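S.K.: What follows is a predicted protein model with its sequence.
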Amino acid sequence: MAEIDFSNLLIVAVVAFTAPLLLGLAPAFRLPAVVLELVAGIVVGPSGLAWVEADLAVEVLALVGLAFLLFLSGLEIDLERLRGHALGLTGLGFVVSFGLAVVVAFVLKGVGQVETPLFVAIVLVATSLGVVVPVLKDSGNTSSSLGQLVIAAASIADFGAVILLSLFFSREATSTTTQLLLLGGFLLVVAAFLLALLGAQHSRRLSEVLVRLQDTTAQIRVRGAFLLMVAFVALAETLGLEVILGAFLAGAVLGLVDRDRMMTHPALRAKLEAVGFGVFIPVFFVSSGVLFDLDALLESASTAARVPLFLAALLLVRGLPALLYRPTIGGRQTAVAALLQATSLPFIVAASMIGIELGLLDRATGAALIAAGLLSILLFPLLALTIVRGGGEAPVTPAPEPLARPLS
């Protein structure tokens, strides 16, 4: 057995602990913790002070952190919102968004900025649900038409981006037809798991045992959720699909089983978030910063210029389809929706890492995409809140704590 060195993981853990602590000590400094974690990772990594590298211990925990991130993102999907008029508008919006993404990506290929336009198009269509929901909550818009549309759009974008990535860029499949068959088979297994879980809820004896063990050292429901996530991740990997699909769908399945958030355990989600955001997910973001190739990004002015170019592409691809909402919510709130929908980072980070690993992106392009995502969550929610305030609504600024919730 290879000897494992914990010194690099120690530095990563120190950064993961210090980043939110510093934000807590300076509450006036409004910044999502994930941004500081990424930037700090860059500073201590090979592109900065070279204090840490992503060795085996860091890589394993970071991979679990990525799975937990997508698992909790899937858990955030609220299918109750995906119905009726909102579903029709936002579903059409995602189709338009993906169409725009493909056009923009091929234009970028034409001018020599990217090599794999379809992959880049998929990277551009996601929205950070975990960022936009707290912004909507703190501005009092969660239950409004604006909030319902944006949350539904972000949910569809999250789900659609993960499915598209797995469909077109599986590791093992040799054709789109094979990938579609693998994906279809995987979804059938997921559906079977869902039916089995729903059926198990009606077992009185099993329910009594779960209740007895749920708050003991067994923490049986947390273990069950972790088992579900690992099972789906392992199945996805066995089929040659991306592990993020398995993790995401595991969260979505658990969300369906626990629709009223009381069916399984009132504190289950809080416990899962404590495990994910308290241990594994910060390691993923800090290690992503460690792996960030700042030198490749800054090697030339033309490479660095990709950052504002990709940021503009995000706004165009995700923001322009918000015009479909204008007859429903008006011009000012349409601008707010456009900005919030264009806010994306975690999926960009995850997909860029996958793209680099599979040889679909070079390190400079991956770094530019991640930098554009960083700017999107720094700028777009702030601009959206400014527009909300200008409309006469309560000038509420989002607190740092909610912004540390599931990001996708």
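M.R.: Happy to help now that I have it. Numbers count the residues shown, from 1 in each chain.
S.K.: contacts and neighbour counts: CA atoms only from here.
M.R.: Noted.
S.K.: For the helix or strand harbouring Leu183, name the packing helices and strands.
M.R.: Here Leu183, judged by DSSP states H and E, is contained in helix 176-200. Helix 176-200 sits against helix 145-168, helix 220-238, helix 243-257, with contacts defined as 3 or more CA pairs under 8 Å, 6 or more residues apart in numbering; DSSP states H and E.
S.K.: and those, which is most packed in?
M.R.: helix 243-257 (a mean of 25; mean count of other CA atoms under 10 Å).
S.K.: so what's the residue lying closest to Asp362 once chain neighbours are set aside up against?
M.R.: Leaving aside its chain neighbours, Asp362 sits nearest to Ile356 (5.9 Å; criterion: CA to CA, 6 or more residues apart in numbering). Neighbour list for Ile356: Asp362, Arg363, Gly366 [criterion: CA atoms under 8 Å, 6 or more residues apart in numbering].
S.K.: Can I have the buried ones of the residues you listed as a PyMOL selection?
M.R.: Selecting only the buried entries of the contacts of Ile356 in PyMOL, with 16 or more other CA atoms under 10 Å as the criterion:
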select buried, resi 362+363+366
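S.K.: between the contacts of Ile356, which is nearest Phe284?
M.R.: Lowest distance from Phe284 to these (CA to CA) belongs to Gly366, with 16.0 Å.
S.K.: ok, now how distant is that closest one from Leu56?
M.R.: 22 Å (CA to CA, to the nearest Å).
S.K.: what does Ala50 give?
M.R.: Using CA to CA, which is the criterion applied here, Ala50 is 17 Å from Leu56.
S.K.: the more surrounded of these two?
M.R.: When Ala50 is set against Leu56 and neighbours are counted by other CA atoms under 10 Å, the residue ahead is Leu56, at 16 against 13.
S.K.: Return the backbone torsion pair for the closest residue to that one other than its chain neighbours.
M.R.: Among residues not flanking Leu56 along the chain, Ile4 sits closest, at 7.1 Å (CA to CA, 6+ apart). Dihedral angles phi and psi of Ile4 (degrees, to the nearest 10) take the values phi -100, psi 130.
S.K.: can you pull the pLDDT of Ile4?
M.R.: Ile4 carries a pLDDT score of 82 in this model.
S.K.: residue ranges with poor pLDDT in the stretch 301-408 of the chain?
M.R.: 390-408 (pLDDT under 70).
S.K.: all helices of it, in order?
M.R.: 301-304, 306-314, 326-341, 346-357, 363-390 (DSSP state H, counting those that start in this stretch).
S.K.: Would you reformat the ones you listed as TSV and include distance to Val104?
M.R.: Rendered in TSV, the data for those read as follows (distance: least, CA to CA, whole Å):
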stretch	distance to Val104
helix 301-304	18
helix 306-314	7
helix 326-341	17
helix 346-357	16
helix 363-390	14
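S.K.: of all those, which lies closest to Gly255?
M.R.: Taking CA to CA as the criterion, Gly255 comes closest to helix 346-357 out of the helices of the stretch 301-408 of the chain, the separation being 19.7 Å.
S.K.: Now name the helix or strand holding Thr53.
M.R.: You called it Thr, but residue 53 is Glu. For Glu53, there is no helix or strand it lies in under DSSP H and E.
S.K.: Renumber starting at 48 from here on
M.R.: All right, first residue 48 from here; so that's Glu100.
S.K.: Nearest to Leu244 among the helices and strands packed on helix 223-247 would be which one?
M.R.: Taking CA to CA as the criterion, Leu244 comes closest to helix 290-304 out of the helices and strands packed on helix 223-247, the separation being 7.1 Å.
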